[in-house]
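# sequence first, predicted model second:
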Amino acid sequence: MPRAAVAEAFQRWQTANPTPTTELEYGNGFQLLVAVVLSAQSTDKGVNLATRRLFPVAPDAAAMATLGEAGIAEHIKTIGLYRNKAKNVAMLSRILLERHAGEVPADRGALEALPGVGRKTANVVLNTLFRQPTMAVDTHIFRVANRMGLAPGKDVLEVEKALLRRVPKDFLLDAHHWLILHGRYVCTARKPLCGQCIVRDLCEYRDKTD
DNA sequence: ATCCCGAGGG
DNA sequence: CCCTCTGGAT
């Protein structure tokens, strides 16, 4: 896809949705971090159902550490991978208390040192919470970037670099959320809704059927 | 490369 | 039934 088409696509997404953000529900930075950790291979909708039970009981790192792995697991059993996630959230809460006064660090290295936090989760937290121009490449963005020809790559790190290279600076801060929402509601995995896509004429895929 | 792992959609 | 969902650790 030509550079001008990339810019045009983001221009349209911005016009349609000037201030995009996450659909995860959270009341503070700690809750956003936990919600993103829980969102691995799960829908935001499902995560929100679980955190509506979990966060009233454990709104911060101290309360979460006190609740502990077993208590956390009880509240999030409806999400996939819940045993690993309960273990990670319990440990991560303890580490935040010990090393960061219970606060979420605005630092990639410190974030990725937390259990259950890899490059993608760190990128989401840095962007959503601290407004840094990172590009977290998840299943949606990997698919959209490759399918449209927006920023092709064989793995998520390649797509991340390609996006950082190709997305105009003015759109970089919000690009992550536009791409997520586009992938979730329009450029879906199974049957993309090309009929209601506002960037269809710029897309290398259009309504092919794979 | 494999495991983790529930809910919703087709 | 199979596929997908804002992945990470081993």
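Nice, I can see it.
# dihedrals phi and psi, the closest residue to DNA strand C within chain A?
Sorted by distance to DNA strand C under CB to the nearest atom of the strand, the residues of chain A start with A:G118, at 2.8 Å. Heads up, the C-betas are built off the backbone N, CA and C, glycines and all. The phi/psi pair for A:G118 (degrees, to the nearest 10) reads phi -110, psi -160.
# what does A:V159 give?
Phi and psi for A:V159, reported as degrees, to the nearest 10, are phi -70, psi -40.
# repeat that for A:R94.
A:R94 adopts backbone torsions of phi -60, psi -40, taken as degrees, to the nearest 10.
# next, count neighbours for the closest residue to it other than its chain neighbours.
Once flanking residues are discounted, A:R94 sits nearest to A:A65: 4.9 Å by CB to CB, 6 or more residues apart in numbering. A:A65 has 21 neighbouring residues, counting by other CB atoms under 10 Å.
# check which helix or strand the residue nearest in space to the middle of chain A maps to.
Against the mean C-alpha coordinate of chain A, by CA atoms, centre = their mean, the closest residue is A:V124 at 5.0 Å. Per DSSP states H and E, A:V124 falls inside helix A:119-128.
# got the domain boundaries for chain A?
Using automatic domain parsing, the domains assigned to chain A come out as A:3-20+A:134-202, A:29-128.
# turn these into JSON lines, including mean pLDDT.
Formatted as JSON lines, the domains of chain A follow (pLDDT from 0 to 100):
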{"stretch": "domain A:3-20+A:134-202", "mean pLDDT": "97"}
{"stretch": "domain A:29-128", "mean pLDDT": "98"}
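# so which of those domains gets nearest DNA strand B?
Using CB to the nearest atom of the strand as the measure, domain A:29-128 is the one of the domains of chain A that comes nearest DNA strand B, at 2.3 Å.
# could you tell me the end-to-end distance of that closest one?
Taking CA to CA, to the nearest Å, domain A:29-128 runs 10 Å from one end to the other.
# so is it next to DNA strand B?
Yes. Under the criterion of CB under 7 Å from any atom of the strand, domain A:29-128 makes contact with DNA strand B via A:Q41, A:S42, A:T43, A:G46, A:K77, A:T78, A:I79, A:G80, A:L81, A:Y82, A:R83, A:N84.
# and the furthest pair within these?
The span of those, defined through CB to CB, is set by A:T43 and A:R83 at 18.6 Å.
# is stretch A:11-28 in proximity to DNA strand C?
Yes. Using CB under 7 Å from any atom of the strand, stretch A:11-28 reaches DNA strand C at A:T22, A:E23, A:L24.
# and if you look at stretch A:49-66?
No. Stretch A:49-66 stays clear of DNA strand C (CB under 7 Å from any atom of the strand), getting no nearer than 11.8 Å.
# same check, this time on stretch A:164-183
Yes. Using CB under 7 Å from any atom of the strand, we find that stretch A:164-183 touches DNA strand C at A:H176, A:H177, A:I180, A:G183.
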